[in-house]
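Asks: sequence-free structure coming up:
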Ligand code: SF4
Ligand code: SF4
């Protein structure tokens, strides 16, 4: 586990607020956000030609919810939490998972991503967590390693 990932409940609360805000944006803009059929195909990033980037507060939140010892590495191009095509951490999934939909309006999606990123950056500044924006495999493998 990398340094700087001690549980900070205030930080986790702020991460939940961002997720709740994101979910509300998606709910309130359903036409732009697109309807996901939960097929799970985009969770295999290589085959879907998709990328998912995450920030430290998102990993900290996941680790706090699952238990640090249950954070999985990512040895293939498929997210390790996608099992049998289903997301097994749906409630704790990353911001990019909440925002991305293959049927979404690209501009809407991009604006939402930028806003979410700014919010996660400000959490890092406030709680003095080194900020980085890594692809999921790098982030998970670094966290576990
Ligand atoms: S966290 Fe869930 S929704 Fe996000 S990539 Fe992994 S399996 Fe897919
Ligand atoms: S966003 Fe699209 S590809 Fe991804 S799970 Fe939903 S329907 Fe499937």
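Replies: Structure received. As the structure is a computational prediction, the values presented were derived from the model and not from experiment. Numbering: from 1, shown residues only. Ligands and ions are numbered 1, 2, ... in the order given.

Asks: For this structure, what lies in contact range of ligand 1?
Replies: 43, 52, 79, 81-82, 87, 89, 93-94, 97 (Cβ under 6 Å from any ligand atom). From N, CA and C alone the C-beta is placed, and that goes for glycine too.

Asks: will you turn these into JSON lines that also has secondary structure?
Replies: As requested, the residues of the chain next to ligand 1 are arranged in JSON lines below (DSSP: H, G, I helix; E, B strand; the rest coil):
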{"residue": "43", "secondary structure": "helix"}
{"residue": "52", "secondary structure": "coil"}
{"residue": "79", "secondary structure": "coil"}
{"residue": "81", "secondary structure": "coil"}
{"residue": "82", "secondary structure": "strand"}
{"residue": "87", "secondary structure": "strand"}
{"residue": "89", "secondary structure": "coil"}
{"residue": "93", "secondary structure": "coil"}
{"residue": "94", "secondary structure": "coil"}
{"residue": "97", "secondary structure": "helix"}
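
Asks: Between these, which sits nearest residue 138?
Replies: residue 52 (10.8 Å; Cβ to Cβ).

Asks: Please report how far the closest one lies from residue 31.
Replies: Distance, residue 52 to residue 31, using Cβ to Cβ, to the nearest Å: 24 Å.

Asks: These two: which has the busier surroundings?
Replies: Using other Cβ atoms under 10 Å as the criterion, residue 52 and residue 31 rank with residue 52 on top: 20 against 10.

Asks: residues in contact with the more buried one?
Replies: Residues in contact with residue 52 (Cβ atoms under 8 Å, 6 or more residues apart in numbering) are 45, 79, 94, 96-97, 100, 135-136.

Asks: Columns distance to residue 66, neighbour count and pLDDT on top of those, output as TSV?
Replies: Formatted as TSV, the contacts of residue 52 follow (distance: Cβ to Cβ, whole Å; neighbours: other Cβ atoms under 10 Å; pLDDT from 0 to 100):
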residue	distance to residue 66	neighbour count	pLDDT
45	21	18	97
79	14	24	98
94	13	23	98
96	18	20	98
97	15	23	98
100	21	20	97
135	20	14	97
136	15	23	98
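
Asks: Next, format the residues you listed as a markdown table and append distance to ligand 2.
Replies: Below are those laid out as a markdown table (distance: Cβ to the nearest ligand atom, whole Å):
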| residue | distance to ligand 2 |
| --- | --- |
| 45 | 11 |
| 79 | 11 |
| 94 | 13 |
| 96 | 11 |
| 97 | 9 |
| 100 | 6 |
| 135 | 17 |
| 136 | 14 |
